[in-house]
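Trainee: Starting from these lines, generate the structure:
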Amino acid sequence: MSNVILNYGPPPLTEEAADAALDLIDFIAAQVRGVDLIDVTPTVRPLWRQHLAGLFQQLPPWTRNWYANAPLLLATTRAQWPLLDPMLRSTVLQQWANELPAMLWMLEPVLAQAQQFEHQQQQLAQVLDHIAQMRVEMMKSVADNMREEPVAEPRGPTAPTPAPAQADQAASERAAINELERMRNASHNLGVGMVKMTNATIGLMNAMSGRVRIG
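Mentor: Sure thing, here's the model as predicted:
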């Protein structure tokens, strides 16, 4: 575990102590409630360290000591809890039930912040997935357009039959013109697709930030 000092106290609050305090609160809450309702995710831990370090100086001395000594308290609690007789365990649970609201008062803002952050991450992942799908569809549309038959050449008045050399040159010129026309159409479709994708992305990002409503 890390011995990085988050707050110099006194007593000093280390990263190890902050993590142990979080695990101890989780354990106590699960025992009092009879079910573990606190999800200590990788997002929660750094937010909890920052939150506790910011409030540490404002806590009463005995509370600061409790947090600073959390590694020892956690190890002792985990080791001794299964060995307690039912009567003593009931007494401890009653004491914990009285202390739990203050512990949750410290922890609940962190859980709410972590939940909001994780929700935003899910929204961002959905936006990126939507952009990827739009890109695939756009490239498929462009590829389909490239496979289309060349645009039919406008028919004009019947011209005299050219000599063989002139006919070859005329055919080459027509092929070049048709190829240019097809490339122009493909470029136009690509540009339209990019504009649509950009507009859709901006709309989704604005919706995430609350500036517009989806639907």
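Trainee: Could I get the full set of strands for the chain?
Mentor: When assigned using DSSP state E, the strands of the chain occupy the ranges 5-7, 13-14.
Trainee: Pull up the pairing partners for the shortest one, direction included.
Mentor: Spelled out, it's strand 13-14. Strands that pair with strand 13-14, judged by DSSP bridges, come out as strand 5-7 (antiparallel).
Trainee: Okay, buried residues for the partner strand please.
Mentor: For strand 5-7, a neighbour-count test (16 or more other CB atoms under 10 Å) marks 6-7 as buried. In this view, the C-beta of every residue, glycine as well, is placed from N, C-alpha and C.
Trainee: counting contacts, what elements does the longest helix along the chain pack onto?
Mentor: Among the elements of the chain assigned as helix by DSSP state H, the one spanning the most residues is helix 86-146. When contacts are defined as 3 or more CB pairs under 8 Å, 6 or more residues apart in numbering; DSSP states H and E, helix 86-146 packs onto helix 15-33, helix 44-55, helix 164-209.
Trainee: low-scoring pLDDT stretches of this structure, where are they?
Mentor: Across the chain, residues meeting the criterion (pLDDT under 70) sit at 1-2, 119, 121-122, 124-130, 134, 138, 142, 147-168, 170, 183-215.
Trainee: Next, count neighbours for Thr14.
Mentor: Residues lying near Thr14 (other CB atoms under 10 Å) number 21.
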